[in-house]
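J.: Could you look at this predicted model? Sequence included:
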Amino acid sequence: MVDLSVELGPLKLKNPVLTASGTFGYGLEFEPFFDLGSLGGIVSKGLSPRPRHGNPPQRIAETPAGMLNTIGLQNVGVDAFLSEKLPKLEHYDMAVLANVFGETEAEYVEVCKKLDGAPGLAGIELNVSCPNVECGGIAFGNDPRALASVTAACRKATGLPLLVKLSPNVTDIRETARAAEDAGADALSLVNTFVGMAIDVEARRPVLNRVSGGLSGPAIRPLAVHMTWQTYNAVKIPLMGMGGITCARDALEFILAGASAVQVGTSNFVTPTSAADLVNELRDYLEQHGFESVRELVGSLQVES
Amino acid sequence: MLDLTTSVIRNLDLGHGNYLIEFGVPDSIQQMKPAQFFMIGTPGSEPLLRRPYSVCGLNGTFPDNQRGTAQVLYKVYGKGTRLLSGLGKGAELQVLGPLGNGFDLPDTGRRALLVAGGIGSAPFPLFIRHLAEAGHPAPRMIYGARSQGDLPLLSWFRDSCEEVLLTTDDGSAGEAGRVTQPLERLLEQGEGERLHLYVCGPDPMLKAVARLASRFDVPCDLALEAPMACGFGVCLGCVVPVHGDDGEVRFERVCVDGPVMPAQRMAW
Ligand SMILES: Cc1cc2nc3c(=O)[nH]c(=O)nc-3n(C[C@H](O)[C@H](O)[C@H](O)COP(=O)(O)OP(=O)(O)OC[C@H]3O[C@@H](n4cnc5c(N)ncnc54)[C@H](O)[C@@H]3O)c2cc1C
Ligand SMILES: Cc1cc2nc3c(=O)[nH]c(=O)nc-3n(C[C@H](O)[C@H](O)[C@H](O)COP(=O)(O)O)c2cc1C
Ligand code: FES
């Protein structure tokens, strides 16, 4: 029997497979497809102090092996999450993480304080990188000082395991990774979506209403694996890797590059069972290759020097 | 909701880029309502996302179908529909469904008037069967398209409806012009009091019909389209602006709050 459990600092997971923020609703939407308890955990849609309507359509566009989105962080707000969504997830044996964003540092802190101590909540993931909304995070995720400041402020606001989700839209992700580590993050999630754009050449207009959007899906996987490897070699805290993961082989790339756990995002839209399938495939891989624990593989990439 | 792996039974080329594909489905799918839809994926990794298609027929909708099957009527537009059109008997399909809300039958005292634009006729065969099974009289239909070739299943509709009024942009079949022309005439004759409009087609057509419905105060349900990534409510990619009960404009998801929405709720 292989051991799939992992630890990311204070966050203990029974297996390393989670679902990524914004791609899994509040979890409940997937109940018809599989037992949510088969996952290591789920990450909620980004939560703000008050509900948000999000951006006008067109909000999504398919691109080669990926998709662009400008959802605009539409969400029910932290209060409704706590009263209506979280209690329904409590009976599942898996970790529920709340993804948090704000337009100001004070808003991040406000949401973290409300979430602190909520029954059934395993941790908080700060979205400092969403490229969608005008002030919604872009300044934090791209500026190591602002990032350090918001991380430190949220660190004070909650005793829950605190993950910072890094933006890939930076020159050197190691700088922001170190800033978050120094400011007290327990672990890092990477990556969020890459800013991208698609143009309808017949109409000579952008496909998306907001012109640019976040690129996700298999198209970004090599970029995300590279950033995971870079970050693994730059910080000591554990990593949660994501970007275009569809199956165990994809997930293993991140794990070998240094991720202790992974998140499945866009693939949930295409194959609703993909995260649950991945857990089984990962177990098979470990058995077939004679590993006792997935932890043996984390960062075990062999590189010729 | 099921995510099933099934296979193509046949994929009929109806000409002018229109196809009727048939595949096996379990009994639970036979309960689908008209204008509910499937997200269908074809073998291979491209395109990444599945595509939404309305259920067109189930057991008994078309006389020559096998039992335990569903039919989808589609038109080739881009990558996904082109791939689908190339599939032959036995090819594998990933089919997620039933999705969305679907058409309800008209209230007593009103008769269904179907308004279809081109491939927008896809949800109507099943709807016509549902009307018949519920003891409603055969509906009338206004069927418009760019040109003669863009009116798939026309002879089936002629056999199954009380009357089909045709319009084409180029005048190659029926009246030259838009579906709103015959519709406006009907409504001006005072028929609106006894009608319930069911509309499916391109956005500009939906908007024009919705305006007429509002002017003549006729109940009108629209089967909407939107780009979709998931089809079951989680990506929030498919929203349209609607008037909430509180009068405020908000975004609702076409895939779970629709695809059928009352015309007067739209905040286009
Ligand atoms: C709820 C719902 C039900 C649907 N039911 C049906 C159905 O029963 N039969 C059917 O044929 N289609 C139906 N559609 C539309 C169908 O999903 C699209 O035609 C399909 O996704 C196109 O995929 P593609 O890969 O071929 O085109 P893409 O490569 O995605 O697009 C190619 C080009 O065609 C344009 N395009 C795409 N779809 C349409 C469209 N519908 N009208 C005009 N231009 C378009 C795109 O903007 C793009 O420029 C439905 C859509 C929804 C949301
Ligand atoms: C439609 C959509 C909505 C998303 N919403 C959020 C969000 O609210 N908060 C967040 O931190 N990331 C959000 N993301 C980013 C994903 O969590 C993930 O980081 C990214 O999509 C890369 O993973 P993937 O390629 O597996 O999708 C969203 C992504 C998509 C596609
Ligand atoms: S298509 Fe994903 S929410 Fe409607």
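T.: On my side now, so go ahead. Residues are numbered from 1 along each chain as shown, chains lettered A, B, ... in the order given. Ligands and ions are numbered 1, 2, ... in the order given.

J.: Residues of chain A that sit close to chain B?
T.: Within chain A, the positions near chain B by CB under 8 Å from any CB of the partner chain are A:22-25, A:29-30, A:32-33, A:53-54, A:56-62, A:64-67, A:69, A:71, A:74, A:217-218, A:266, A:268-273. No exception for glycine: its C-beta is placed from N, CA and C like everyone else's.

J.: residue ranges of the helices in the stretch 51-200 of chain B, please?
T.: Along the stretch 51-200 of chain B, counting by DSSP state H, counting those that start in this stretch, helices occupy B:79-85, B:124-133, B:154-160, B:180-188.

J.: And for chain A?
T.: Here chain A has its helices, by DSSP state H, at A:78-80, A:86-89, A:105-115, A:138-142, A:144-157, A:173-182, A:221-232, A:248-256, A:267-270, A:274-288.

J.: Just say which of the ones you listed is most tucked in.
T.: helix A:267-270 (a mean of 25; mean count of other CB atoms under 10 Å in any protein chain shown).

J.: That one packs against which elements?
T.: When contacts are defined as 3 or more CB pairs under 8 Å, 6 or more residues apart in numbering or on different chains; DSSP states H and E, helix A:267-270 sits against helix A:274-288.

J.: which ones are touching the nearest residue to B:R265 once chain neighbours are set aside?
T.: Closest residue to B:R265 apart from its sequence neighbours, by CB to CB, 6 or more residues apart in numbering or on different chains: B:V242 at 4.7 Å. B:V242 makes contact with B:249-252, B:257, B:261, B:265-267, according to CB atoms under 8 Å, 6 or more residues apart in numbering or on different chains.

J.: Can you select the buried ones among the residues you listed for me in ChimeraX?
T.: Restricted to buried positions by 16 or more other CB atoms under 10 Å in any protein chain shown, the ChimeraX selection for the contacts of B:V242 reads:
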select /B:250,251,252,257,261,265,266
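
J.: Could you single out the nearest of the contacts of B:V242 to B:V199?
T.: Of all the contacts of B:V242, the one with the least separation from B:V199 (CB to CB) is B:M261, at 10.5 Å.

J.: What about whichever residue of chain B sits closest to ligand 2, how many residues nearby?
T.: The nearest approach of chain B to ligand 2 comes at B:C235, 4.6 Å away (CB to the nearest ligand atom). Residues within reach of B:C235, counting by other CB atoms under 10 Å in any protein chain shown, total 26.

J.: Check the gap between it and ligand 3 for me.
T.: Going from B:C235 to ligand 3 by CB to the nearest ligand atom, to the nearest Å gives 3 Å.

J.: Give me the pLDDT for residue 26.
T.: Looking at chain A here, since you left the chain open. pLDDT, A:Y26: 90.

J.: should've been chain B
T.: Listed pLDDT for B:P26 reads 95.

J.: dump the residue contacts of it.
T.: Contact analysis of B:P26 by CB under 8 Å, 6+ apart lists B:2, B:4, B:68.

J.: List the residues that contact the residue in the stretch 1-150 of chain A that ligand 2 sits nearest to.
T.: Nearest to ligand 2, among the residues of the stretch 1-150 of chain A, is A:G22, at 1.9 Å (CB to the nearest ligand atom). Each residue near A:G22 by CB under 8 Å, 6+ apart is listed here: A:45-46, A:71, A:99, A:265, B:235-236.

J.: Report the closest residue of the stretch 51-200 of chain B relative to chain A.
T.: Chain A sits closest to B:L96 of the stretch 51-200 of chain B, with a gap of 7.2 Å, by CB to the nearest CB.

J.: That residue touches B:M1, doesn't it?
T.: Yes. Using CB atoms under 8 Å, B:L96 is in contact with B:M1, at 7.1 Å.

J.: Quickly list what's touching both of the two.
T.: The overlap between the contact sets of B:L96 and B:M1 (CB under 8 Å, 6+ apart) consists of B:F232.

J.: out of these two, which sits in the more crowded spot?
T.: More crowded of B:L96 and B:M1, by other CB under 10 Å: B:L96, with 23 against 14.

J.: Excluding chain neighbours, what is closest to the more buried one?
T.: B:M39 (4.2 Å).

J.: Give me the sheet partners of the helix or strand containing that neighbour and which way each runs.
T.: Per DSSP states H and E: B:M39 is located in strand B:37-41. With DSSP bridges as the test, strand B:37-41 is paired with strand B:51-54 (antiparallel), strand B:92-99 (antiparallel).

J.: Spit out the contact partners of the residue of chain A found nearest ligand 3.
T.: As assessed by CB to the nearest ligand atom, ligand 3 sits closest to A:F269 within chain A, at 6.6 Å. Residues near A:F269 by CB under 8 Å, 6+ apart: A:23, B:49, B:229-230, B:234-235.
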